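# turn this into a model:
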Amino acid sequence: MAAVKWLLIELFGGKGGKPMSVIGWGRTPKNFVPLDQILRHRTTLAQARDAIADAITGHGRIDRVSADGSRRTIAVPLAISPDRLHGVMLWCGDPRDQVPPRDPAGAWYFNYTEGTSTRSDDLLDLYGITREGRSDIYRHSIADVFTQVHANLTDQSEALARIVREEIGTETQQIWTVRRDDGELRAAHFSCRLLEELSTAGERQVVLRGITHDIGPADDIPAAPPPTILEHRVLEAAAEEGEYRGIVNLRTLRLLRWMGTPAPGIAWQGLTGQPAPAIHPGDLPTATAMAKGLRHGRTSGEVRVRTLDGGWTRLHIKAALMMLDESTTAALVTVRLPESAL
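You can find the predicted model right below:
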């Protein structure tokens, strides 16, 4: 049986992971389904696997018709770098059939060890980001990801908890809402797997590899969350003038996301040409002590952080322990800028 819709197939890899599995059939999300459960015709399956293998080897589009002229197979790679594929979009059908359009899908990965996220051209297309000036936005901080995607409170808490826990082999699938650069709201299904890899320097890194799949207008997908969650509005309304709130990973002391408007002038996005987000080395003991002190109650203190101009600014920070799930905690921090910055 040949697929009449495009199949979205992940190739994330990982010890114990499936060699390849289907995560989308047309606009219908699939839960890491083995390819042979979708393509049950032996010859069609063999030709599909051959096309996928050739796309992986050559990193290019494969479009071929079988020797007997009965089947056409198309494989379009989803690359994250010149030497790494995250997936393939596959179509198998009658050569006389019109090939349906492909829904947007793009590859990305989070490097938990470095606190960064990298996205492909395909993903930037999905976000509606114009091609002019893209050179400085492929790589950014994990916290910056949450400025353009929106999840319900449970899914967001689960995603942040998994970032904190770093459980190798964990697979996640959720539907979030993407606000494109043109303002359009799209429902996006993402699939990812957490892996342990070695860098080019031979150092251990924890990497979350994923694919985001546009499955239609957000208003048409009941599972797509609204772009603004009520709890976020409450937090913003409760903040006093000059205060900004965010969630911080207690283990790494990195910002996970802002709750509301980001604090101005601070280096936190990690875009090309900007200083890397950082706490002043002299204030790391203070920040660490505040994080550990949350086991006994709220903490506060002053910490210098990197600014966009490359300097440092001293922040007054109040922190409270928050539960991301039943066993995972983070810090909800309230940041106040110095009077000179207001």
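
# okay, and the beta partners of the spatially closest residue to Gln148 that is not a sequence neighbour?
Distance criterion C-beta to C-beta, 6 or more residues apart in numbering; nearest residue to Gln148, sequence neighbours excluded, is Arg179 at 5.8 Å. Any C-beta I mention is one placed from the backbone N, CA and C, and that applies to glycine too. Beta-bridge partners for Arg179, by DSSP bridges, are Leu185.

# okay, now Arg179: neighbour count?
Residues near Arg179, counting by other C-beta atoms under 10 Å, number 17.

# 440 is where my numbering starts, stick with that
Sure, I'll start numbering at 440, so the last one becomes Arg618.

# I'd say it and His589 touch.
Yes. Taking contacts as C-beta atoms under 8 Å, Arg618 lies within contact range of His589: 7.0 Å.

# any common contacting residues for the two?
Residues touching both Arg618 and His589 by C-beta atoms under 8 Å, 6 or more residues apart in numbering: Pro666.

# just to revisit the earlier point, for the residue nearest to Gln587, what are its contacts?
Arg618 sits next to 587-589, 624, 666 when contact means C-beta under 8 Å, 6+ apart.

# now those residues: which count as buried?
Buried residues within the contacts of Arg618, defined by neighbour count using 16 or more other C-beta atoms under 10 Å: 588-589, 624.

# ok, of the residues you listed, which one's closest to Trp751?
Trp751 lies nearest to Val588 out of the buried ones among the contacts of Arg618, by C-beta to C-beta, at 30.3 Å.

# for the closest one, which residues count as its bridge partners?
Assigned bridge partners for Val588, using DSSP bridges, are Val617.

# okay, it and Ser520: tell me how far apart.
Distance of Val588 to Ser520, computed by C-beta to C-beta, to the nearest Å: 22 Å.

# in stretch 517-525, which residues are buried?
Within stretch 517-525, the residues that count as buried by 16+ other C-beta under 10 Å are 517-519, 524-525.

# end-to-end on it?
6 Å (C-alpha to C-alpha, to the nearest Å).

# then stretch 715-729?
22 Å.

# can you map out the helices along the stretch 440-589 of the chain?
Secondary structure of the stretch 440-589 of the chain (DSSP state H, counting those that start in this stretch): helices at 481-497, 560-565, 581-584.

# let me have these in a markdown table, extended by distance to Val687 and mean pLDDT.
Output for those, formatted as a markdown table (distance: least, C-beta to C-beta, whole Å; pLDDT from 0 to 100):
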| stretch | distance to Val687 | mean pLDDT |
| --- | --- | --- |
| helix 481-497 | 39 | 94 |
| helix 560-565 | 26 | 95 |
| helix 581-584 | 9 | 95 |
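
# what would the contacts of Arg618 look like in CSV with pLDDT?
Below are these laid out as CSV (pLDDT from 0 to 100):
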residue, pLDDT
Gln587, 87
Val588, 91
His589, 87
Leu624, 95
Pro666, 72
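
# quick one: those residues as a markdown table, columns for distance to Leu478 too.
Compiled in a markdown table, the contacts of Arg618 are given as follows (distance: C-beta to C-beta, whole Å):
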| residue | distance to Leu478 |
| --- | --- |
| Gln587 | 34 |
| Val588 | 31 |
| His589 | 34 |
| Leu624 | 33 |
| Pro666 | 37 |
